[in-house]
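Undergrad: Here is a sequence together with a model predicted from it:
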Amino acid sequence: MEMIILIVVLLGLMFFMSSRTRKQQREAQQFRAELAPGQEVMTGSGMFGTVVEVDEESDVVTIESAGSRTRWLRAAIAKRVDTPADEPAEADVTEQSGSTGTISPAGSAPAVDVPDDLSGLDSAQREYREQQRKAEGDSGK
């Protein structure tokens, strides 16, 4: 009797696990079928880009990333990426200067200094902490 209960429980678990997997597969298939130009996506290998063209006949999606276009099988597209409205997109990075690699997104206030090597890291951390203390002191008054 105990053996029958154990078998029934195992069969029930297998059914629920397989139904969840089938549901996820259906959702992924539906997402890939609805791909359209202009959508931000990520491939299964982790590449981010914008869909430029979808070739329904050959099941190939053309993605533009960092100014270059690449072709991917539709099945290689893992998920859609939504960029938050309050953060600038990658394409909005407009300024890069200096040997320390200062990058400031378009429309943002302070630039972030990124040292080229580890020797400047300690002083950069010290400067950052001082700026944070000053900012906390200004906002606390």
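TA: Right, received. Where do you want to start? Numbering: from 1, shown residues only.
Undergrad: Return the longest strand in this structure, judged by number of residues.
TA: Identified as the longest strand of the chain according to DSSP state E is strand 48-55.
Undergrad: State the mean pLDDT of the following helix or strand past it.
TA: For strand 48-55, the following helix or strand on the C-terminal side (DSSP states H and E) is strand 60-65. Mean pLDDT, strand 60-65: 92.
Undergrad: Show me what the helix or strand that strand 60-65 is followed by packs onto, helices and strands only.
TA: Downstream of strand 60-65, the next assigned helix or strand under DSSP H and E is strand 68-73. Applying 3 or more C-beta pairs under 8 Å, 6 or more residues apart in numbering; DSSP states H and E, we find strand 68-73 packed against strand 60-65. In this view, the C-beta of every residue, glycine as well, is placed from N, C-alpha and C.
Undergrad: Pull out the CA atoms of the strand it packs on and give them to me as PDB.
TA: Only the C-alpha atoms of strand 60-65 are listed here, as PDB (Å, rounded to 0.1, in the frame of the first residue of the first chain):
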ATOM      1  CA  VAL A  60      16.500  34.600 -38.700                       C
ATOM      2  CA  VAL A  61      16.600  37.800 -36.600                       C
ATOM      3  CA  THR A  62      19.000  40.700 -37.400                       C
ATOM      4  CA  ILE A  63      20.200  42.500 -34.300                       C
ATOM      5  CA  GLU A  64      22.100  45.800 -34.100                       C
ATOM      6  CA  SER A  65      24.500  46.200 -31.200                       C
END
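Undergrad: Next, the angle from that strand to strand 48-55.
TA: 150 degrees (axes from the mean of the first three to the mean of the last three C-alpha atoms, to 10 degrees).
Undergrad: Specify the angle between strand 60-65 and strand 68-73 in degrees.
TA: For strand 60-65 against strand 68-73, the angle by the same axes, to 10 degrees is 150 degrees.
Undergrad: Residues contacting strand 60-65, please?
TA: Residues from elsewhere that reach strand 60-65, judged by C-beta atoms under 8 Å, 6 or more residues apart in numbering: 35, 41, 43, 47-55, 69-74, 76-77.
Undergrad: Buried subset of those as a ChimeraX selection?
TA: Per 16 or more other C-beta atoms under 10 Å, the buried members of the contacts of strand 60-65 correspond to this ChimeraX selection:
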select :35,41,43,47,49,50,51,52,54,72,74,76,77
